[in-house]
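# with the sequence up front, the predicted model follows.
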Amino acid sequence: MSEKLSSEFITGLKNILGNCKHSDVKALYEKYEGHLVVYEANYTSGGAFYAHGQGVSFNSAEVMRGSIIHKPYQTAFHEFGHNIDYVMGNGRPVSETWGNNALYDAIKQDFDSLKGDKTDIELIEFIKKEMDDNQWTIMDVASVSDILESMTGISYPLGVGHGRSYWDNRLPNKEFFAETLDGAASNEKSYQIIKKMFPRAVDIVHRIIGG
């Protein structure tokens with residue numbers, strides 16, 4: 001990892017992790033530091049991504065700055081979360097294999113509890129009102145918006161997401177795993193909102209990583 005990242009980037013990353021409130025998440029990134037692979041540190045052709053067998057690609061300068069939906073370095077923790085997911089699963093995402101796909105079962109149970117007797121559209125409108133009432137920003141709810149998109153098929157439900165077609169024949173597990181980790185490492189508000197809406201699933205992520 002270090003050979004493609006500047007010392008400034010690595011120092012910033014470690015400083016953020018040093019302030020992480022979740023000891024198991026902090027220990028996870030430290031444990032797998034030697035397994036994190038950066039393929040492209042100055043990627044300018046689109047968003048950041050992890051490709052199994054290749055590594056993480058992102059624009060270091062943009063990751064350090066953050067954006068309207070990500071705190072500084074949050075994108076790095078997200079993509080490295082995907083990297084760790086595959087390393088822990090020995091080439092298959094542990095988020096999908098652990099406990100006979102227990103993470104998906106928990107996401108589905110949490111979603112059903114959250115939704116109750118509402119339609120998908122009613123649920124999104126309800127959460128938008130909660131967002132307004134609590135003055136949550138797009139940065140606070142970006143990860144939850146992505147998971148709601150996967151479960152409802154409504155593109156960018158709270159203003160951000162991958163787009164509904166992204167989820168065709170794709171489970172939400174890998175994104176949920178990485179979003180829980182990136183929030184716990186670098187965006188506590190995001191983590192708390194994910195935990196509020198998907199408590200069973202967040203607990204499974206902590207169990208997967210050994211917390």
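Alright, I've got the coordinates.

# for the closest residue in space to residue 84 that isn't next to it in sequence, give its distance to residue 210.
Using C-beta to C-beta, 6 or more residues apart in numbering and skipping the chain neighbours, the partner closest in space to residue 84 is residue 32 (4.9 Å). (C-beta placed from N, C-alpha, C; glycine too.) Taking C-beta to C-beta, to the nearest Å as the measure, residue 32 and residue 210 are separated by 12 Å.

# which one of these two has more residues nearby?
For residue 32 versus residue 210, neighbours defined as other C-beta atoms under 10 Å are more numerous around residue 32 (16 against 10).

# list the contacts for the more buried one?
Contact analysis of residue 32 by C-beta atoms under 8 Å, 6 or more residues apart in numbering lists 80, 83, 84, 87, 88.

# for the last one, which non-adjacent residue is closest in space?
What it means is residue 88. Closest to residue 88 by C-beta to C-beta, 6+ apart is residue 94, at 4.1 Å.

# how far away is the residue nearest to residue 84 from residue 72?
Taking C-beta to C-beta, one finds residue 32 at 21 Å from residue 72.

# helices along this protein, start to end?
Applying DSSP state H to the chain gives helices spanning 7-18, 23-31, 60-65, 74-88, 94-97, 102-115, 120-134, 138-152, 173-186, 188-197, 199-209.

# how about these in TSV, adding distance to residue 44, mean neighbour count and mean pLDDT?
As requested, the helices of the chain are exported to TSV (distance: least, C-beta to C-beta, whole Å; neighbours: other C-beta atoms under 10 Å; pLDDT from 0 to 100):
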stretch	distance to residue 44	mean neighbour count	mean pLDDT
helix 7-18	16	14	96
helix 23-31	26	17	97
helix 60-65	9	17	96
helix 74-88	14	25	98
helix 94-97	29	21	98
helix 102-115	33	18	98
helix 120-134	32	14	98
helix 138-152	22	22	97
helix 173-186	21	26	98
helix 188-197	26	19	98
helix 199-209	31	21	98
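
# nice, that's everything, thank you.
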